[in-house]
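[1] Need a 3D model of the sequence below.
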Amino acid sequence: MQFRQQALAKLQSPEELDLPVRFARPQGWLVLSVTVVVMAAASVWAVTGSVASSVGAPAILTHGQGSYILQSPVAGQVTAVLAKQGQQLPADSPVLKVRTAKGETVVRTVAAGRVSALAATIGQIITTGANVAAVEKVARTKDPLYATVYVPAENAASIPDDAAVDLTVQSVPTQEYGVLRGHVKSVDRSVQSAQQIAAFLGDNQLGEQFTKDGRPVAVLVRLDKKSSTESGYKWSSADGPPFSLTSLTTADASIRLADQRPVDWLLP
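    Numbering: from 1, shown residues only. Below you'll find the predicted structure:
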């Protein structure tokens with residue numbers, strides 16, 4: 001009862017009615033001010049800002065025309081290998097000599113290109129249709145390189161025209177020379193099977209490697225050129241690596257997708 005009477009007496013006392021009312025401490029006003037500023041900035045960014053996203057996928061450097069697998073038209077024993085790996089050959093050039101029951105036959109290139117692999121050796125017995133070489137279709141060794149990126153099919157539709165691409169080339173130390181720069185040239189809207197990729201690259205193992213997570217879509221990337229670098233292409237570092245790039249070099253690509261708005265406003 002004593003505490004209750006003291007509380008009632010304090011409420012009924014008029015001498016403190018003219019004192020100002022303290023709504024919050026100074027620290028509280030500071031927290032409130034910071035909260036208001038942050039909310040205002042977030043609101044402005046939600047209206048005018050965007051979120052940049054990217055998709056990563058495996059890639060390979062080629063001359064853009066693909067490759068073909070040279071097959072033997074006859075069965076027999078290889079008596080001579082007339083081409084070397086890495087050699088640039090015109091169309092209808094001799095690659096192998098095969099001894100058959102009817103005599104010796106020369107296996108020739110179908111189209112001009114660079115011999116990227118030789119599968120036949122002297123003394124080997126081969127059958128009709130056996131794979132004896134892989135030839136990359138390129139007219140000149142100085143023709144520009146492209147990157148073919150095998151993107152998951154569900155991401156293909158979100159890749160804009162001329163999207164920026166960063167390529168981490170596996171044969172180039174990234175910490176020292178950075179990444180290779182490029183832009184999307186075209187997007188193939190149809191998915192690729194392991195057989196199609198193998199036929200394009202002239203390598204069955206690459207076909208299996210690029211389809212291990214599903215059938216991808218091929219995105220052709222043109223590499224940004226820079227004459228002052230040794231490779232002739234633009235890198236995130238000033239000079240890039242002190243050597244040239246070769247075709248059929250693998251890489252990891254990061255393709256910048258279309259910017260996305262962070263908030264969808266619903267108006268009445």
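[2] Show me where the stretch 151-268 of the chain has its helices.
    Remark: helices assigned in the stretch 151-268 of the chain by DSSP state H, counting those that start in this stretch are 174-177, 194-201, 204-209.
[3] what's the longest one packed up against?
    Here helix 194-201 touches strand 67-71, helix 204-209, going by 3 or more CB pairs under 8 Å, 6 or more residues apart in numbering; DSSP states H and E. No exception for glycine: its C-beta is placed from N, CA and C like everyone else's.
[4] And the strands in this structure?
    In the chain, the strands defined using DSSP state E lie at 54-62, 67-71, 76-81, 88-89, 94-100, 103-108, 113-118, 125-126, 131-136, 146-152, 164-169, 180-191, 216-223, 250-256.
[5] can I get the ones you listed in a markdown table with mean pLDDT, distance to residue 206 and mean neighbour count?
    Output for these, formatted as a markdown table (pLDDT from 0 to 100; distance: least, CB to CB, whole Å; neighbours: other CB atoms under 10 Å):
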| stretch | mean pLDDT | distance to residue 206 | mean neighbour count |
| --- | --- | --- | --- |
| strand 54-62 | 94 | 7 | 21 |
| strand 67-71 | 91 | 10 | 21 |
| strand 76-81 | 96 | 23 | 17 |
| strand 88-89 | 92 | 21 | 18 |
| strand 94-100 | 96 | 21 | 19 |
| strand 103-108 | 95 | 23 | 16 |
| strand 113-118 | 90 | 11 | 21 |
| strand 125-126 | 96 | 22 | 16 |
| strand 131-136 | 92 | 10 | 22 |
| strand 146-152 | 96 | 10 | 23 |
| strand 164-169 | 97 | 16 | 21 |
| strand 180-191 | 94 | 16 | 17 |
| strand 216-223 | 96 | 12 | 21 |
| strand 250-256 | 96 | 8 | 20 |
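[6] now those as TSV including distance to residue 209?
    Below are the strands of the chain laid out as TSV (distance: least, CB to CB, whole Å):
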stretch	distance to residue 209
strand 54-62	7
strand 67-71	15
strand 76-81	27
strand 88-89	26
strand 94-100	26
strand 103-108	28
strand 113-118	15
strand 125-126	26
strand 131-136	15
strand 146-152	9
strand 164-169	16
strand 180-191	16
strand 216-223	11
strand 250-256	9
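[7] and residue 210, which of those strands is closest to it?
    Of all the strands of the chain, strand 146-152 sits nearest to residue 210, with 4.3 Å by CB to CB.
[8] Pairing partners for that closest one, with directions?
    Strands that pair with strand 146-152, judged by DSSP bridges, come out as strand 54-62 (antiparallel), strand 216-223 (antiparallel).
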